[in-house]
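Colleague: only geometry, no sequence info:
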């Protein structure tokens, strides 16, 4: 097994705990970084232009945040965009987003008996993103999953 690779950029690039094939780790890294840019913009804009759950579901439908889970210290875990947005709006009412950090865990998913290869999911990426706000100790973690199908048109 390869040693974990850690990102060199400080802002939004995720930390990969298991790299898998290099092309796959890069692809997941690039995708999470792009999706974190979308997330950062939405969270930063919540104070002036509130996003509703339907907009968020549409915006993140094909991302690791399709079915988000949000954790805040001392608060109940929130699931689904309706509940996640309620919690984020509470935070952004008093604090500004200052940093986004992600940690990605890649996991191999074995072929299920009877599953056609073209529908087979062979990799699950669990993404845990920490939203760091301007005030010390005000953080939130948002999590979700990405899945990769074995036959990928982008494979080298």
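Modeller: Structure received. Predicted, not measured: the structure shown is a model, and the values here were computed from it.
Colleague: from here on, contacts and neighbour counts on C-alpha atoms
Modeller: Will do.
Colleague: can you verify my assumption that residue 66 contacts residue 54?
Modeller: No: the criterion here is C-alpha atoms under 8 Å, and residue 66 misses it with residue 54 at 11.6 Å.
Colleague: show me which of the two is the more surrounded one.
Modeller: Shown here are residue 66 and residue 54; by other C-alpha atoms under 10 Å, residue 66 has more neighbours (19 against 10).
Colleague: how much space between the more buried one and residue 84?
Modeller: 12 Å (C-alpha to C-alpha, to the nearest Å).
Colleague: residue 132 too?
Modeller: 16 Å.
Colleague: quick one: contacts for residue 128?
Modeller: Neighbour list for residue 128: 102-104, 141-144 [criterion: C-alpha atoms under 8 Å, 6 or more residues apart in numbering].
Colleague: mind checking which of those residues are in strands?
Modeller: In strands, defined here by DSSP state E, the members of the contacts of residue 128 are 102-104, 141-144.
Colleague: number of residues surrounding residue 138?
Modeller: Count around residue 138 with other C-alpha under 10 Å applied: 15.
Colleague: quick one, phi/psi of it?
Modeller: Here is the backbone geometry of residue 138 (degrees, to the nearest 10): phi -100, psi 100.
Colleague: what backbone torsions are found at the closest residue to it other than its chain neighbours?
Modeller: Nearest residue to residue 138 in three dimensions, chain neighbours excluded: residue 132, at 6.6 Å (C-alpha to C-alpha, 6 or more residues apart in numbering). Torsion angles at residue 132 (phi, psi; degrees, to the nearest 10) stand at phi -100, psi 130.
Colleague: dump the residue contacts of residue 132.
Modeller: Residue 132 neighbours (C-alpha under 8 Å, 6+ apart): 97-101, 138-140.
Colleague: which one of the residues you listed is nearest residue 76?
Modeller: residue 140 (11.6 Å; C-alpha to C-alpha).
Colleague: who does the closest one form a beta bridge with?
Modeller: Residue 140 has these beta-bridge partners by DSSP bridges: residue 131.
Colleague: that one: what's it in contact with?
Modeller: With contact set as C-alpha under 8 Å, 6+ apart, residue 140 has these partners: 70-73, 130-132.
Colleague: quick one: which of those has the most company?
Modeller: If you rank the contacts of residue 140 by neighbour count (other C-alpha under 10 Å), residue 70 sits at the top with 24 neighbours.
Colleague: can you pull up the bridge partners for that residue?
Modeller: residue 78, residue 142.
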